[in-house]
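1. prediction below, plus the sequence it came from.
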Amino acid sequence: MTEFTRREFLAATAAAALAPAVVSSVGRAAEAPIVLRAESRVIEVNGKAATMLHIGRSDGVSGVYTEAGRRFRVNLENHLGEPTLVHWHGLMPPYQQDGVPDISQPALEPSGVYAYDFPLAAPGTYWMHSHFGFQEQRLMAAPLIIRDPAESGLDEQEVVVMLHDFTFRDPDEILAELQMGEAHDEMAMEKSAGDGHAKANDMAGMDMASGVTGDMTMGGMEMDLNDIEFDAYLANDRTLADPEVVGVEPGGRVRLRIINAAASTNFFLDLGERVGELIAVDGLPVAPVRGRRFPIAIAQRLDIRLRLPAGQGAYPVFAHREGDTARTGILLATPGARIDRLADHAGHKAPAVGLELERRLAAVHPLDPRPADRTHVINLTGSMKGYIWGLNGVAYGDHTPLDLRQGERIEIAFRNKTMMAHPMHMHGLPFQVVEIDGERFAGAMRDTVLVPANGGRVTVAFDAVNRGTWVMHCHNLYHMAAGMMTTLTYVG
Ligand SMILES: [Cu+2]
């Protein structure tokens with residue numbers, strides 16, 4: 001991915017120099033748009049071919065790499081035999097360009113083209129994914145990296161890692177089976193018996209280099225961690241049987257940009273023996289946190305700085321599925337380093353992802369402290385039985401849009417009444433985490449926060465300044481499909 005990045009950067013620079021400048025209506029020279037193609041592709045997983053989806057580019061780059069201060073100029077072409085639409089996850093576009101079918105704009109029909117053009121304010125690690133049906137589970141996602149021009153002189157190698165959970169099955173069938181209930185109920189019981197009590201012990205292995213182990217005991221309560229059995233976990237589309245090997249320099253500095261693009265899986269990012277420095281979550285800077293293992297919930301991102309030892313070496317970067325031994329990852333390797341086969345299962349189950357890291361995060365650019373003009377309590381509701389999920393007891397479609405006004409400071413208090421954790425994502429602008437389990441603090445700015453199972457309470461705050469109609473939903477794709485979504489509209 002790093003090689004792609006460098007190549008892409010050179011190609012973009014060359015293209016900018018050669019392409020005739022187009023004069024836009026405001027008289028400013030504009031770059032030619034990047035063409036993104038929604039298309040199908042065949043990949044091989046576990047030795048078997050699978051037809052998946054893809055956001056492709058003619059130059060072979062996966063995703064968009066650009067700089068803050070530039071415009072996001074993209075033409076999305078639909079080369080699929082079905083409608084699609086792509087959401088620019090974490091960006092702050094005008095709402096008509098947010099990529100949510102029937103909220104922002106109609107889905108893009110086969111052979112259609114949509115043009116996107118808006119300014120990119122903040123640098124950071126973002127991503128793009130289909131917001132149509134289950135296309136995201138079919139791997140229709142790509143990195144969206146906005147570099148900081150102020151950091152262009154840093155001697156630091158960028159390594160982007162996109163995580164996926166992978167299934168050969170049809171996601172519609174998976175959801176239908178979950179809604180049938182029976183198989184799932186058995187699995188949930190087995191899981192809570194098997195995992196629920198192991199968690200406290202597993203946490204002893206938790207290491208964020210500060211000695212803080214966090215409070216993640218589950219109090220013996222039953223919970224359901226992983227309700228779908230996947231066939232593989234991918235890092236940049238590959239498993240650990242044949243991982244991506246990224247060439248690095250002895251003693252070099254690496255900036256990992258980790259994107260959890262999984263449909264239904266929380267991971268622990270595991271740096272093995274190396275200690276990294278977490279510098280941003282969901283693209284937005286935080287006061288640095290040093291550690292070897294960092295939780296990353298569905299749709300979240302981690303930016304981690306890593307200084308490699310002098311001398312030859314190979315350094316795995318694992319993503320370990322919560323509540324499971326399964327893992328995926330990539331390998332950073334100096335030239336000539338010995339490369340050993342990495343097992344795709346760890347020797348132990350990872351614990352549940354909780355909020356032990358979240359409590360320690362502090363935004364570098366927090367909201368101005370200010371009392372809320374309006375607070376909405378949102379109960380996360382639902383049941384494994386019938387696999388019905390909703391917000392305040394209703395599914396999307398029957399929902400009442402959240403009431404708010406342009407310019408207000410809004411707080412949203414999530415209360416999880418279910419046995420599963422929910423990664424809650426809001427479109428339009430990032431929020432700040434300001435309260436966990438009744439304790440106020442000035443936490444991270446981010447766009448997705450995990451609300452833990454069995455009574456987890458998280459409050460987020462934001463200023464409603466990006467007028468329009470937006471969605472807020474659980475980013476577990478199966479929960480969203482089952483109705484765990486609502487809308488908010490604010491206009492001037
Ligand atoms: Cu959920």
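-> Received it, and whenever you're ready, just let me know what you need. Residues are numbered from 1 along each chain as shown.
2. helix/strand/coil for Gln96?
-> Counting by DSSP: H, G, I helix; E, B strand; the rest coil, the backbone at Gln96 sits in helix.
3. pLDDT score assigned to it?
-> Per-residue pLDDT puts Gln96 at 97.
4. that one: how many residues sit nearby?
-> Look at Gln96: counted by other C-beta atoms under 10 Å, it has 13 neighbours. (Glycine included, C-beta is placed from N, CA and C.)
5. got the contact list for it?
-> Ser104, Gln105, Gly468 (C-beta atoms under 8 Å, 6 or more residues apart in numbering).
6. please redo it, this time with the cut-off set to 7 Å
-> Taking C-beta atoms under 7 Å, 6 or more residues apart in numbering, we find Gln96 in contact with Ser104, Gln105.
7. again, but for Arg71
-> Arg71 makes contact with Asp117, Phe118, Pro119, Leu120, according to C-beta under 7 Å, 6+ apart.
8. all strands for the stretch 301-450 of the chain, in order.
-> 301-307, 314-321, 327-333, 374-383, 388-391, 402-403, 409-416, 422-426, 431-436, 439-440, 445-446, 448-451 (DSSP state E, counting those that start in this stretch).
9. who touches stretch 405-420?
-> The contact list for stretch 405-420, computed with C-beta under 7 Å, 6+ apart, reads 222-224, 370, 372-382, 384, 404, 422, 424, 434, 451-465, 467, 490-492.
10. what does the pLDDT read for the closest residue to the ion within the stretch 301-450 of the chain?
-> Nearest residue of the stretch 301-450 of the chain to the ion: His422, at 3.4 Å (C-beta to the ion). As predicted, His422 sits at a pLDDT of 98.
11. quick check: bridge partners of the closest residue to it other than its chain neighbours?
-> In space, His422 comes closest to Cys474 once its chain neighbours are excluded; the distance is 4.4 Å by C-beta to C-beta, 6 or more residues apart in numbering. Beta-bridge partners for Cys474, by DSSP bridges, are Met424.
12. need the contact list for Cys474.
-> Cys474 neighbours (C-beta under 7 Å, 6+ apart): Trp389, His422, Pro423, Met424, Met480, Met484.
13. narrow the contacts of stretch 405-420 to just the buried residues.
-> Neighbour-count burial (16 or more other C-beta atoms under 10 Å) applied to the contacts of stretch 405-420 gives 222-224, 372, 376, 378, 380-382, 384, 404, 422, 424, 434, 451-453, 456-464, 467, 490.
14. all strands of the stretch 151-300 of the chain, in order?
-> Ranges of strands within the stretch 151-300 of the chain are 157-166, 232-235, 245-247, 253-260, 267-270, 276-281, 284-291, 293-296, based on DSSP E, counting those that start in this stretch.
15. quick one: the ones you listed as JSON lines, columns for distance to Ala346 too.
-> Formatted as JSON lines, the entries for these read as follows, by distance: least, C-beta to C-beta, whole Å:
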{"stretch": "strand 157-166", "distance to Ala346": "15"}
{"stretch": "strand 232-235", "distance to Ala346": "12"}
{"stretch": "strand 245-247", "distance to Ala346": "20"}
{"stretch": "strand 253-260", "distance to Ala346": "17"}
{"stretch": "strand 267-270", "distance to Ala346": "8"}
{"stretch": "strand 276-281", "distance to Ala346": "18"}
{"stretch": "strand 284-291", "distance to Ala346": "17"}
{"stretch": "strand 293-296", "distance to Ala346": "11"}
